Structure formats: C-alpha cells, structure tokens
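Chemist: here is my input, please return the structure:
(chains A and B)
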Amino acid sequence: VQLVESGGGLVQPGGSLRLSCAASGFTFSTYWMTWVRQAPGKGLEWVANINQDGSDKYYVDSVKGRFTISRDNAENSLYLQMNSLKAEDTAVYYCATYLPGEIDSWGQGTLVTVSS
Amino acid sequence: DVVMTQSPLSLPVTLGQPASISCRSSQSLLYNDGNTYLNWFQQRPGQSPRRLIYKVSNRDSGVPDRFSGSGSGTDFTLKISRVEAEDVGVYYCMQGTQWPLTFGGGTKVEIK
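Modeler: Next up is the predicted model:
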C-alpha cells in the first residue's frame, strides 16, 4: 500500500486549497478512505471519510460546509477540497485507508498553512 | 462525541523495562456487531502514524510481540513488555465505534 499526498502549501485566511492523495498497491475502489490532520505539535484529528463509490461521506463538525471529500476510482485518487480556510485548519493532512472502525495505512502527509 | 482520555501524558521508561498506557472512553466501544473498535497507533518522531493494534488486541503484521492490547467496554491498555530505543514516540488510541472517529490526546514515551 502506498499513499502519496500533495497539494499542501501556504494560503491566506478565507482561501481555498485542494489536496490530492495518489493510491497504489491495493484495489483502491474497494476501500473506504479517510483524511486525518495534525496541527503543529498537537494530536491527531479525524477530518472526513468517504465510501467506495463516493455516495456516503462523513465530516467532523468543524469542517462541515467548508471541506468536501471526493474520489476518482479510475485515477486511484482521493481529494479534499478545502474552502473558507481558517488559521485553525493549519496542519499536516494525512490520507489513509479505512476499514469499518479502523484506520489502516497512512500516507506521509502534506502541510497546509493558513496565514496572512 | 466519544471522548478518549489517555494517561499518562508522558512516560519515561528505562530500556528493557515494561510500559503501560491507559485509554478510557466516555461511552462503551462495544458495537452492535459484537466488535469493539479500539485502535492503537505509534508515531515516531518525524514520521506518520502507524497502526499497532486493532479491535483492542489484534496486532498488525510486522508489529513486535512485545506490544499487546487489552481491555473492554470503556477501559483499554497498551503494554510494551520490554521497551526498546525504537519505541520512542507518541502513542494514540482511537475509537471507530461511533461517528465522529475520535483520538486520545497521546502519550509520549521516552527513554530515561
């Protein structure tokens, strides 16, 4: 299993960013996927989940209405569209595989910094 | 939301000695399918998290057998039978029984 995140960077408050996660080494279309974030020097926070065909999505309350998780099974890719970004969204964002009740394999993460 | 509380916050351990981390949930993690979705993760300095244990006590492939998980309901424990230098890092519990998924605050294991 290999998961490679990209798309992080510096963005101003109120701005937008789209994260990508390229998956390989497993049958991507058969797995739920998840995004987890970690603010600098802090613990882990689950952000969002998506089921195999993209029809079922879950979000932590703090990002509902601002973030959208999606996937392209033909491209073996997971995405996180982040709008109306706030300083408190600053974190390393990890994508990971998800089995019922369990987060399994993790990527290396991509850093998002929200600052003026 | 299910609140996950870990203790201690910091755990200095002598090499070769045992270590124990506690994780308590604010609600029972027993799901109606009979499974208890309690996971343990290790995060070494500068690395991504790595899962060690799933469903309370199942060790992941490649995880040394000095790591073990136990518990039920709302009370769980991760034990390291003999701490090695490579075990330094932060350990997190996570519940997957209810949405939203929630993590404990982490326990930092360091060598005395």
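
Chemist: where in chain A is pLDDT low?
Modeler: Scanning chain A for pLDDT under 70 picks out nothing.

Chemist: tally of neighbours for the residue of it found nearest chain B?
Modeler: Closest approach of chain A to chain B (Cβ to the nearest Cβ) occurs at A:G101, with a separation of 3.0 Å. Where C-beta positions appear, they are placed from N, C-alpha and C, glycine not excepted. Using other Cβ atoms under 10 Å in any protein chain shown, the number of residues around A:G101 comes to 21.

Chemist: and it, what is it in contact with?
Modeler: Contact analysis of A:G101 by Cβ atoms under 8 Å, 6 or more residues apart in numbering or on different chains lists B:31, B:35, B:37, B:39, B:55, B:96-97.

Chemist: cool, and B:R82?
Modeler: B:R82 neighbours (Cβ under 8 Å, 6+ apart): B:16-18, B:66.

Chemist: pull out the buried residues from these.
Modeler: Neighbour-count burial (16 or more other Cβ atoms under 10 Å in any protein chain shown) is assigned to none of the contacts of B:R82.

Chemist: any idea how far B:L11 is from A:S105?
Modeler: 26 Å (Cβ to Cβ, to the nearest Å).

Chemist: ok, now B:V56?
Modeler: 20 Å.

Chemist: could you find the closest non-adjacent residue to the residue minimising distance to the centre of chain A?
Modeler: The centre of chain A sits closest to A:W35, judged by Cα atoms, centre = their mean, with a distance of 3.3 Å. Once flanking residues are discounted, A:W35 sits nearest to A:V47: 4.2 Å by Cβ to Cβ, 6 or more residues apart in numbering or on different chains.

Chemist: unless I'm mixing things up, that neighbour is touching A:R37, no?
Modeler: Yes - counting by Cβ atoms under 8 Å, A:V47 does reach A:R37; the two are 5.3 Å apart.

Chemist: any common contacting residues for those two?
Modeler: With Cβ under 8 Å, 6+ apart, A:V47 and A:R37 have common neighbours A:Y93.

Chemist: the more surrounded of those two?
Modeler: A:V47 (25 against 21).

Chemist: and the strands in chain A?
Modeler: For chain A, applying DSSP state E gives strands covering A:2-6, A:9-11, A:17-24, A:32-38, A:44-50, A:57-59, A:67-72, A:77-82, A:91-99, A:102-106, A:110-114.
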